[in-house]
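A.B. asks: would you be able to build a 3D model of this:
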Amino acid sequence: MKRIYIVRHGQTYINRYNKMQGWCDTPLTEPGIEGAEQAGEALKEVPFDIALSSDLKRASDTCEIIMKHNVNKDELQHIASPFFREQFYGYFEGLDSEMAWRMIGGSHGYATRQELFAHESIDTIKDWIKEADPYHDAENAEEYWNRMDQGLKMISELDGAENILLVTHGFTIRSLWYRYGDNIPLVPGPQNASITIMTMSDKGEIKIPTWNKMHL
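C.D. replies: I've put the predicted structure just below:
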């Protein structure tokens, strides 16, 4: 049985300004660094066998901060992979979040992100993001899961790794909640530096027993 401790990266400047941040990247703010330090303290006694993260700098930096607190810090290897990146929002990258979500959900009768997330599936939302993108560069559900499934396969093939740190992104954590959680609501979403625990059995069965916690 693998236990994957999924942490959302610390707050960034784009988070602070309430803008869409998928593959675009900005540095951690001071509170973001503090949040990563606190996550590191919360997880310091978990003997991680390996540390994984998105290859985007905000996630990779958060992962490095958490690692330096860990009981296994001297042996811990960090692998940063594009498999664990955030949803790609295409045209909407860097736009004001509320404006972007109105553009995505408005034609379907949703004025706010909260309404959209409360009533639609995550995969429908992904498809609508691509549909609303005038360039159609954003990932739809099929494209997103083709990428993420490669990351989950990589985790399943980590022989001998039982405790795994994974630092990734808010919409990606919501996506995992939707697919593998038991009626976990999509709103509110995971807080910056929050901890979600996902288990993976030897047969590949995935469950999420704990989500969006600031402490274990």
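A.B. asks: what's near enough to touch the spatially closest residue to residue 5 that is not a sequence neighbour?
C.D. replies: In space, residue 5 comes closest to residue 165 once its chain neighbours are excluded; the distance is 5.4 Å by Cβ to Cβ, 6 or more residues apart in numbering. Just so you know, the C-beta spots here come from the backbone N, C-alpha and C atoms, and that holds for glycine as well. Residues near residue 165 by Cβ atoms under 8 Å, 6 or more residues apart in numbering: 4-5, 7, 43, 46, 48, 50-52, 63, 66-67, 70.
A.B. asks: please apply the same query to residue 202.
C.D. replies: Under the criterion of Cβ under 8 Å, 6+ apart, the neighbours of residue 202 are residue 1.
A.B. asks: returning to that earlier point: make sure the residue nearest to residue 5 is indeed in a helix.
C.D. replies: No - residue assignment for residue 165, taken from DSSP: H, G, I helix; E, B strand; the rest coil, gives strand, which places it outside any helix.
A.B. asks: show me where the chain has helices.
C.D. replies: Taking DSSP state H as the test, the helices found in the chain are 13-16, 30-42, 57-67, 97-105, 113-119, 122-132, 141-156, 170-180.
A.B. asks: in CSV: the ones you listed, plus mean neighbour count and mean pLDDT.
C.D. replies: Conversion of the helices of the chain to CSV gives the following (neighbours: other Cβ atoms under 10 Å; pLDDT from 0 to 100):
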stretch, mean neighbour count, mean pLDDT
helix 13-16, 17, 98
helix 30-42, 19, 98
helix 57-67, 24, 98
helix 97-105, 19, 97
helix 113-119, 17, 95
helix 122-132, 20, 98
helix 141-156, 16, 98
helix 170-180, 21, 97
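A.B. asks: figure out which of those is closest to residue 200.
C.D. replies: Nearest of the helices of the chain to residue 200, taken as Cβ to Cβ: helix 141-156 at 6.3 Å.
A.B. asks: how much does the closest one deviate in direction from helix 122-132?
C.D. replies: 130 degrees (axes from the mean of the first three to the mean of the last three Cα atoms, to 10 degrees).
A.B. asks: and helix 141-156, how far out from the chain's middle?
C.D. replies: 13 Å (Cα atoms, centre = their mean, to the nearest Å).
A.B. asks: which residues are contacting it?
C.D. replies: When contacts are taken as Cβ under 8 Å, 6+ apart, the neighbours of helix 141-156 outside the stretch itself are 2, 4, 52, 81-85, 87-88, 122-124, 126-127, 130, 139, 161, 164, 166, 172, 175, 200, 204, 206.
A.B. asks: would TSV of the helices of the chain with distance to residue 213 be doable?
C.D. replies: Compiled in TSV, those are given as follows (distance: least, Cβ to Cβ, whole Å):
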stretch	distance to residue 213
helix 13-16	19
helix 30-42	8
helix 57-67	14
helix 97-105	24
helix 113-119	20
helix 122-132	21
helix 141-156	20
helix 170-180	12
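A.B. asks: neighbours of residue 91, how many?
C.D. replies: Summarising burial for residue 91: neighbours were counted as other Cβ atoms under 10 Å, giving 18.
A.B. asks: now for the closest residue to it other than its chain neighbours: which residues touch it?
C.D. replies: Beyond its immediate neighbours in the sequence, the residue positioned closest to residue 91 (Cβ to Cβ, 6+ apart) is residue 133, lying 4.4 Å away. Contacts for residue 133 were tallied using Cβ under 8 Å, 6+ apart; they are 89, 90, 91, 92.
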